[in-house]
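> pasting the sequence and the predicted coordinates here, then a few questions.
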Amino acid sequence: ESMSKLPATDPEHFQHPWGTAEKLYKSEAVDPFGTKYLLGIYATKEEAQKAFKEWSGEYDKAREDMKVEMAQWSKQENARLDKDTSARDRVKKILEEARR
C-alpha cells in the first residue's frame with residue numbers, strides 16, 4: 001500500500017486539539033517584573049484556569065520562601081556588621097573631625 005494513503009497518526013490512539021478544535025485557550029502569567037510565562041495551550045477554559053491557579057500557588061509559595069530567606073540573610077548581615085565595628089568607628093571619627 002502506498003505511504004500517501006496511510007494516515008500520519010493513528011486516530012484511535014492519538015487525539016489532540018491542535019488540528020481539530022475550533023477554539024484553544026492560552027494560559028499565560030505575568031510576574032511583577034513584567035516577565036511573561038506561557039503556562040500552556042489548553043482545549044478548555046477550565047484547564048487553562050487550573051494551570052494558572054497551580055502556577056500562581058507555586059509562585060506565591062516561592063515568594064514567601066524568598067521573604068523568609070531574605071529576612072534570615074538580613075539578620076546574619078546585621079549580626080556580622082554589629083560584630084565588626086571598625087567601619088562604624090571610622091565613620092564616627094570622620095564625622096567628629098568634620099564638626100571641628
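Received, thanks. Residues are numbered from 1 along each chain as shown.

> state the helix or strand in which residue 34 lies.
In the assignment (DSSP states H and E), residue 34 maps to no helix and no strand.

> could you pull out the helices for the chain?
Ranges of helices within the chain are 45-83, 86-99, based on DSSP state H.

> would you tell me which one of those is buried the most?
When the helices of the chain are scored by mean count of other Cβ atoms under 10 Å, the highest mean neighbour count falls to helix 45-83 (a mean of 11). Using the backbone N, CA and C atoms, a C-beta is placed for each residue, glycine as well.

> quick one: contacts for the nearest residue to residue 47 once chain neighbours are set aside?
Using Cβ to Cβ, 6 or more residues apart in numbering and skipping the chain neighbours, the partner closest in space to residue 47 is residue 25 (7.1 Å). Going by Cβ atoms under 8 Å, 6 or more residues apart in numbering, residue 25 touches 41-45, 47-48.

> bridged to residue 25, which residues?
Beta-bridge partners of residue 25, counted by DSSP bridges, are residue 42.

> hmm, back to that, turn the helices of the chain into a markdown table, including distance to residue 35 and mean pLDDT.
Shown next, in a markdown table, are the helices of the chain (distance: least, Cβ to Cβ, whole Å; pLDDT from 0 to 100):
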| stretch | distance to residue 35 | mean pLDDT |
| --- | --- | --- |
| helix 45-83 | 11 | 93 |
| helix 86-99 | 37 | 86 |
